[in-house]
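*Asks:* kindly return the folded structure for what I paste below:
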Amino acid sequence: MSLFGLFTKTDINTGIEQFHNTPHGVLLDVRTRQEYADGHIPGSLNIPLDRIDSALEAMPNKETPVFVYCLSGGRSGQAVAYLKKMGYTDVVNIGGISNAPNRTLEGYPIGSFWGYKAIGVFQNDEQLASLPHINGTRVGELIFEDVNGDKVIDTNDYVYLGSYIPKVQLGFNARFSYKGFTLMMDLTSGLGHKVYNRRTQYRQDAQNFTTAMLDAWHGEGTSYHTPRVFVRGDASSMDSSYFIEDGDYLSIANVQLSYAFPKKLLKKIRMNNARIFLSGANLHTFTKATGYKTQISPNGNANRGGMDDFGLYPDNRTFTIGTSFSF
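*Replies:* Numbers count the residues shown, from 1 in each chain. Reported below is the predicted structural model:
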């Protein structure tokens, strides 16, 4: 949905446009719930790259189709190159299957967020012993809800955590003029979507902490929301609602203030037009999200959107001053 407005000295014009698109026949790499739980494609072999040679001994026919995937996703291309170098002619790279929280399941938006539902922080040993938890969980780490009631915390307890796709997108354009001054403004907004803060989830390995960790649990009763400092692989670092943030935003995308010199003055110096202007882009975004961006595109893969991770950079705030004139 877009909203626009036009303001002049004598008129005010506004309009609303709504768009609805339901695509059909889109081909995507979509898996079932069980395939996501298993972490691999049924019927395939999980073979580390350092043992690929021994696996190839079972495939003497180098015209046999080979489908390559990697759990991390980043090394599938390396495996494809190696197989082609070894003489295999029909090699297909189907990408990676990572532990990202994005899932595409029937009845839910594409690339939705899934994970555990965090319901608190373990305060003492007695509470830890009384509630189901992931093996290795320590006092001070997150409590995850046992959704199916089987007294075990595993991926069967994953719940839908939201979508990175805004339910409503808004745009506002305005132009105000008074005598020689003109003010133009562009605002954008997105509502009803979530952002997954991967930066917080994995930052604790070797990167700096944010000030939010000053509120981390450090003893019974010190925090019921922010867990103790954790590293990647700890129970608190598992995909969960703890890392979900409200993605609603209002962004001041562009603002320009200009002044056109009076024709009467310009005529004396034999000029037709003269104007000076000051403009700014990406001036400010109002949002509750703590990451670098609030609307994160899937970057070519609709199954992997909304991830505020270490490969993401904020939009630059820029200022421009200039003139335009003609004789």
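*Asks:* contacts only, for the closest residue to residue 322 other than its chain neighbours.
*Replies:* In this structure, residue 322 finds its nearest non-sequential neighbour in residue 277, 5.8 Å apart by Cβ to Cβ, 6 or more residues apart in numbering. Just so you know, the C-beta spots here come from the backbone N, C-alpha and C atoms, and that holds for glycine as well. Taking Cβ atoms under 8 Å, 6 or more residues apart in numbering, we find residue 277 in contact with 256, 257, 258, 259, 320, 321, 322, 323, 324.
*Asks:* ok, and the most crowded of the residues you listed?
*Replies:* Of all these, the highest neighbour tally under other Cβ atoms under 10 Å goes to residue 258, namely 18 neighbours.
*Asks:* doesn't residue 188 make contact with residue 168?
*Replies:* No: Residue 168 is beyond contact range of residue 188, at 11.7 Å (criterion: Cβ atoms under 8 Å).
*Asks:* who's more crowded, those two?
*Replies:* The residue with more neighbours, out of residue 168 and residue 188, is residue 188; 18 against 12, by other Cβ under 10 Å.
*Asks:* how far away is that one from residue 281?
*Replies:* Distance of residue 188 to residue 281, given as Cβ to Cβ, to the nearest Å: 12 Å.
*Asks:* and the pLDDT for the residue of the chain positioned farthest from its centre?
*Replies:* Farthest-out residue of the chain from its mean C-alpha position, per Cα atoms, centre = their mean: residue 268, at 56.8 Å. On pLDDT, residue 268 comes in at 79.
*Asks:* phi and psi next, for it.
*Replies:* phi -70, psi -30 (degrees, to the nearest 10).
*Asks:* partner strands of the helix or strand containing residue 173 and their direction?
*Replies:* Residue 173 is part of strand 168-178 when elements are defined by DSSP states H and E. The strands that strand 168-178 pairs with in its sheet are strand 181-191 (antiparallel) (by DSSP bridges).
*Asks:* only C-alpha atoms, please: export the partner strand in CSV.
*Replies:* Presented in CSV, the C-alpha positions along strand 181-191 are these (Å, rounded to 0.1, in the frame of the first residue of the first chain):
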residue,chain,number,x,y,z
PHE,A,181,11.4,28.5,-0.7
THR,A,182,10.5,24.9,-1.5
LEU,A,183,10.6,22.0,1.0
MET,A,184,10.3,18.4,-0.4
MET,A,185,10.0,15.3,1.8
ASP,A,186,9.9,11.5,1.3
LEU,A,187,8.9,9.2,4.1
THR,A,188,8.7,5.4,4.0
SER,A,189,7.2,2.9,6.5
GLY,A,190,6.7,-0.8,7.0
LEU,A,191,4.3,-2.3,9.5
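*Asks:* so what does the helix or strand following that strand touch, helix or strand wise?
*Replies:* Downstream of strand 181-191, the first helix or strand assigned by DSSP H and E is strand 194-196. Secondary-structure packing of strand 194-196 (3 or more Cβ pairs under 8 Å, 6 or more residues apart in numbering; DSSP states H and E): strand 159-162, strand 244-246.
*Asks:* what ranges of the stretch 51-200 of the chain fall below the confidence cut-off?
*Replies:* Applying pLDDT under 70 to the stretch 51-200 of the chain flags residues 51-60, 64-80, 90-99.
*Asks:* please enumerate the strands of it.
*Replies:* Residue ranges of the strands in the stretch 51-200 of the chain, as given by DSSP state E, counting those that start in this stretch, are 66-70, 91-96, 102-103, 112-115, 118-121, 142-144, 159-162, 168-178, 181-191, 194-196.
*Asks:* format those strands as a markdown table; extra columns: distance to residue 273.
*Replies:* As requested, those are arranged in a markdown table below (distance: least, Cβ to Cβ, whole Å):
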| stretch | distance to residue 273 |
| --- | --- |
| strand 66-70 | 60 |
| strand 91-96 | 55 |
| strand 102-103 | 52 |
| strand 112-115 | 53 |
| strand 118-121 | 61 |
| strand 142-144 | 63 |
| strand 159-162 | 51 |
| strand 168-178 | 15 |
| strand 181-191 | 13 |
| strand 194-196 | 45 |
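*Asks:* just to revisit the earlier point, identify, from the contacts of residue 277, the entry nearest to residue 180.
*Replies:* residue 259 (5.2 Å; Cβ to Cβ).
*Asks:* what strand or helix carries that closest one?
*Replies:* Per DSSP H and E, residue 259 falls inside strand 249-260.
*Asks:* that strand pairs with which strands, parallel or anti?
*Replies:* Partners of strand 249-260 in its sheet, by DSSP bridges: strand 181-191 (antiparallel), strand 273-287 (antiparallel).
*Asks:* quick one: which of those is nearest residue 209?
*Replies:* Closest of the strands paired with strand 249-260 to residue 209 is strand 273-287, at 21.2 Å (criterion: Cβ to Cβ).
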